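J.: Provided below for reference: sequence and predicted model.
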Amino acid sequence: MKKIGMLLMTCLLLLACSTDDDIEEIFIGNRFKITGLTYNGQKTVKDVKEFYEVNDTYWIAFSQSAITGVLQPGMTIEGTWNANGKNRELTIDLISPKNANGASDICSKVFSIIKNATSYSGDKNVLRIKRNGDSFIELSSEK
């Protein structure tokens, strides 16, 4: 009887555990540097240094419902976001980027992925924002 009781308790504990992501822990208050870009199945940025030829570029940050960031020098993004911890869906509604004149090819691709995001994977340290399975940006927390 003891074994059956312990087995039932174990089953109840396993059922009570949630597999949902903690959205607040992953996103809110974190500032991420973009460390990689894969676009239509091709790794576009071979060297992370390409992102950081100028300081304070290619980062995004999440607050309670807002997303902000700097892509190339002088080009900022802002908008709202929403994530679902059960199925890892991610939607981002961006206001058109400010100062987008002369956007580089890399910058345009990064913006496209962020604007058309459908899902995410990872955690508060390493995060991947996906437009689809073949296009995504990789991010690392600055903390």
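T.: Nice, I can see it. Numbering: from 1, shown residues only.

J.: got the buried residues for stretch 68-88?
T.: Within stretch 68-88, the residues that count as buried by 16 or more other C-beta atoms under 10 Å are 69-72, 75, 77, 79, 81, 83, 85, 88. (Glycine included, C-beta is placed from N, CA and C.)

J.: Quick one: name whatever helix or strand follows the worst-scoring helix or strand of the chain on mean pLDDT.
T.: Ranked by mean pLDDT, DSSP states H and E, the weakest helix or strand in the chain is helix 2-16, scoring a mean of 54. As assigned by DSSP states H and E, the chain's next helix or strand after helix 2-16 is helix 23-26.

J.: what pairs with the helix or strand following that following helix, and is each one parallel or antiparallel?
T.: Next helix or strand after helix 23-26 toward the C-terminus (DSSP H and E): strand 31-39. Sheet partners assigned to strand 31-39 using DSSP bridges are listed as strand 42-43 (antiparallel), strand 59-62 (antiparallel), strand 135-141 (antiparallel).

J.: Return the member of the ones you listed having the minimum mean pLDDT.
T.: Confidence, taken as mean pLDDT, is least for strand 42-43 of these (a mean of 87).

J.: pLDDT weak spots in the chain?
T.: Along the chain, segments meeting pLDDT under 70 span 1-18, 45-51, 99-100, 143.

J.: okay, which residue is most central for it?
T.: Among the residues of the chain, the one closest to the centroid is Ile129, at 3.9 Å (C-alpha atoms, centre = their mean).

J.: That residue against Phe136, yeah?
T.: Yes: applying C-beta atoms under 8 Å, one finds Ile129 in contact with Phe136, separated by 6.2 Å.

J.: Can you check which residues contact both of those two?
T.: Ile113 (C-beta atoms under 8 Å, 6 or more residues apart in numbering).
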